[in-house]
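Participant: Pasting the sequence and the predicted coordinates here, then a few questions.
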Amino acid sequence: MSKAGSSLRIARRGILLVLSSPSGAGKTTLARRLLAADAGIRMSVSVTTRKPRPGEVDGTDYAFVDKAEFDRLKGAGKLLEWAEVFGENYGTPKARVLELIGAGTDVLFDVDWQGARSLKRELPSDVACVFILPPDGKALEQRLRTRNQDPDAEVIRRLTAAAAEIGHWQEYDYVVVNAELESSVAGLVSILAAERLKRERRTGLAAFVAGVVADL
């Protein structure tokens, strides 16, 4: 068998690929497209105190809990990160994520800047953070106005929150401007491919190199 074929089996540690964006920038659509494009990455299922939206499935989209249960999980150290967003709590269960990345499976996160910062603090060598920007402010406002037909007060609130979220873009490793969907998806695929090749994540690389040298 060729060394090129053998290299495909080099063991590695999984990646926490974090996507953040202001509301309306297309992050959810991009996450779904990336999951469909790559079988080697799974979506992190967060726990939240907010109520399910139409079509959301408990345990698939989110694990829906009350505040008492959320506080219990947080107090017991069972959450990798948590944050309050628009008055509701969101958090990431720790055990499942550690199990997946330890087995070499990548995990996709849809979190805000607070969550991204917490993940980088907890697992700095495992995290790659991508910020999704809209092509311009007017496009973002139009998406927010047409997406859910929210009243003006809600749109204004979300635009104010969007400006605050965008202010954290420099904390991220990559920035994707979501002007054209296919190009943005291709950018995320490229980021994931590059992160998978990082030397420090490839736990089986030393043994592989030793084998190459031994064959010389």
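Facilitator: That came through fine. Since this is a predicted model, take the numbers as computed values, not measurements.

Participant: Show me the strands in this structure, by range?
Facilitator: Listed in chain order, the strands of the chain (DSSP state E) span 16-20, 41-43, 46-48, 62-64, 79-85, 88-93, 106-110, 127-133, 174-177.

Participant: closest to G55 out of the ones you listed?
Facilitator: Among the strands of the chain, strand 62-64 comes nearest to G55, with 12.0 Å by C-beta to C-beta. (Glycine included, C-beta is placed from N, CA and C.)

Participant: got the contact list for the closest one?
Facilitator: If you take C-beta atoms under 8 Å, 6 or more residues apart in numbering as the criterion, strand 62-64 is touched by V45, S46, V47, T48, T49, R50, K51, P52, E56, D58, P93.

Participant: Present the strands of the chain as CSV; the columns should include mean neighbour count, distance to G26 and mean pLDDT.
Facilitator: CSV is the format used below for the strands of the chain (neighbours: other C-beta atoms under 10 Å; distance: least, C-beta to C-beta, whole Å; pLDDT from 0 to 100):
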stretch, mean neighbour count, distance to G26, mean pLDDT
strand 16-20, 25, 10, 97
strand 41-43, 17, 16, 95
strand 46-48, 20, 19, 93
strand 62-64, 17, 20, 93
strand 79-85, 19, 18, 88
strand 88-93, 20, 19, 92
strand 106-110, 21, 12, 95
strand 127-133, 22, 6, 97
strand 174-177, 18, 10, 97
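
Participant: Tell me which of those strands sits nearest to V212.
Facilitator: strand 106-110 (25.7 Å).
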